[in-house]
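Asker: coordinates only, no sequence provided:
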């Protein structure tokens with residue numbers, strides 16, 4: 001099979017674009033290893049591309065600007081390189097990829113999903129609920145901020161930017177008393193030991209696609225698609241299709257406090273949960289549905305239903321204040 005695919009594609013090397021952070025490079029090497037294992041004749045080359053969304057100390061603790069594209073800034077430069085033919089595919093954390101894709105590019109191939117939970121990290125407490133009143137929690141996520149303030153309005157939440165190592169250093173220097181990061185990033189970097197406790201989805205639904213490495217490619221590049229099919233994890237594609245469909249209904253972005261998590265609770269039956277909150281956490285709305293799902297199309301339809309149910313609950317004033 002590999003020989004016939006090799007003859008069909010006539011491709012011996014694939015260039016893989018990524019950001020230059022340790023986590024991005026680790027995740028990209030995961031993709032390259034799977035490509036080489038599936039197609040032993042294939043050479044992989046990692047191309048580091050500077051992102052306009054990367055944090056710089058001179059910026060201070062400010063969130064990514066929605067006016068400039070929010071987390072979509074992490075993928076824009078990689079997309080430009082793909083269009084120009086400098087790379088064949090781009091590797092992203094799916095939660096950074098905008099819901100609405102450009103017409104010429106697709107995200108249809110995924111690595112197996114890792115741990116989707118959030119992780120609580122602190123030297124002062126083992127959990128969010130046990131932090132003393134007035135403690136300072138760092139995060140750059142409006143979703144996490146809203147949930148924290150909903151559960152603990154007595155805490156202070158401040159913006160904390162930078163890669164994983166930078167944020168850990170800020171915690172160690174006492175800039176914050178605690179912080180919340182994606183568990184999967186800490187695990188992939190070998191930093192799991194610093195986690196004080198995991199925050200289960202029941203307490204804080206993850207970001208859409210959290211824990212998932214996505215591979216972006218040119219829509220019409222059928223040769224590359226044939227190679228990527230050899231490493232694609234279909235279940236991950238299906239569950240994240242439901243979450244991203246829900247997000248699309250709510251016009252969500254990285255500046256919108258939205259969480260969603262899909263999982264198969266038994267063979268062929270998916271549970272999809274979602275929430276939408278005001279930034280200050282005073283108002284939070286939940287929707288939840290179990291349904292038979294056998295395909296990406298089924299998952300997408302489930303996401304539409306749950307997203308629409310959630311949208312109907314949200315007062316227009318709250319909705320506009322979050323997405324404007």
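Answerer: Happy to help now that I have it. Quick caveat, the model's predicted, so the values are computed rather than measured.
Asker: just give me the neighbour total for residue 140.
Answerer: 22 (other Cβ atoms under 10 Å). C-betas here are computed from N, CA, C, even on glycine.
Asker: and residue 189, by the same measure?
Answerer: Neighbour count of residue 189, defined by other Cβ under 10 Å: 17.
Asker: just to check, it is in contact with residue 25?
Answerer: No: the pair residue 189 / residue 25 is not scored as a contact, 10.2 Å apart, by Cβ atoms under 8 Å.
Asker: and the residue nearest the centre of the chain, what does it touch?
Answerer: For the chain, the residue nearest the mean C-alpha position is residue 95 (2.0 Å; Cα atoms, centre = their mean). Contact analysis of residue 95 by Cβ atoms under 8 Å, 6 or more residues apart in numbering lists 71, 182, 207, 208, 209, 210, 212.
Asker: ramachandran angles for it?
Answerer: phi -70, psi -10 (degrees, to the nearest 10).
Asker: for residue 153, see how far away it is.
Answerer: Distance of residue 95 to residue 153, computed by Cβ to Cβ, to the nearest Å: 26 Å.
Asker: please apply the same query to residue 306.
Answerer: Taking Cβ to Cβ, one finds residue 306 at 27 Å from residue 153.
Asker: check residue 196 too.
Answerer: In terms of Cβ to Cβ, residue 196 sits 21 Å off from residue 153.
Asker: next one: residue 145
Answerer: From residue 145 over to residue 153 (counting by Cβ to Cβ), the distance is 12 Å.
Asker: same check on residue 195?
Answerer: Counting by Cβ to Cβ - residue 195 and residue 153 are separated by 25 Å.
Asker: where are the low-confidence patches of the protein?
Answerer: 1-4, 7-9, 52-72, 252-254, 321-324 (pLDDT under 70).
Asker: and the helices in it, which stretches?
Answerer: In the chain, the helices defined using DSSP state H lie at 2-9, 22-38, 73-83, 142-151, 164-172, 183-188, 222-229, 234-249, 296-313, 316-323.
Asker: residues near the nearest residue to residue 142 once chain neighbours are set aside, how many?
Answerer: Using Cβ to Cβ, 6 or more residues apart in numbering and skipping residues adjacent in sequence, the residue nearest residue 142 is residue 257, 4.6 Å away. Residues lying near residue 257 (other Cβ under 10 Å) number 24.
Asker: for residue 257, give me its contacts.
Answerer: If a contact means Cβ under 8 Å, 6+ apart, then residue 257 has 142, 143, 145, 146, 147, 276, 277, 278, 279, 281, 322 as its contacts.
Asker: thought the fourth one was touching residue 285?
Answerer: Think residue 146. No: counting by Cβ under 8 Å, residue 146 stays clear of residue 285, with 11.0 Å between them.
Asker: quick one: which of those two has more around it?
Answerer: Using other Cβ under 10 Å, the more surrounded residue of residue 146 and residue 285 is residue 146, with 27 against 18.
Asker: do you know how far that one is from residue 177?
Answerer: On the measure of Cβ to Cβ, residue 146 and residue 177 end up 19 Å apart.
Asker: do the same with residue 41
Answerer: Residue 41 is 53 Å from residue 177, where distance means Cβ to Cβ.
Asker: give me the more crowded residue out of the two.
Answerer: A direct count of neighbours by other Cβ under 10 Å for residue 41 and residue 177 places residue 177 higher, at 19 against 13.
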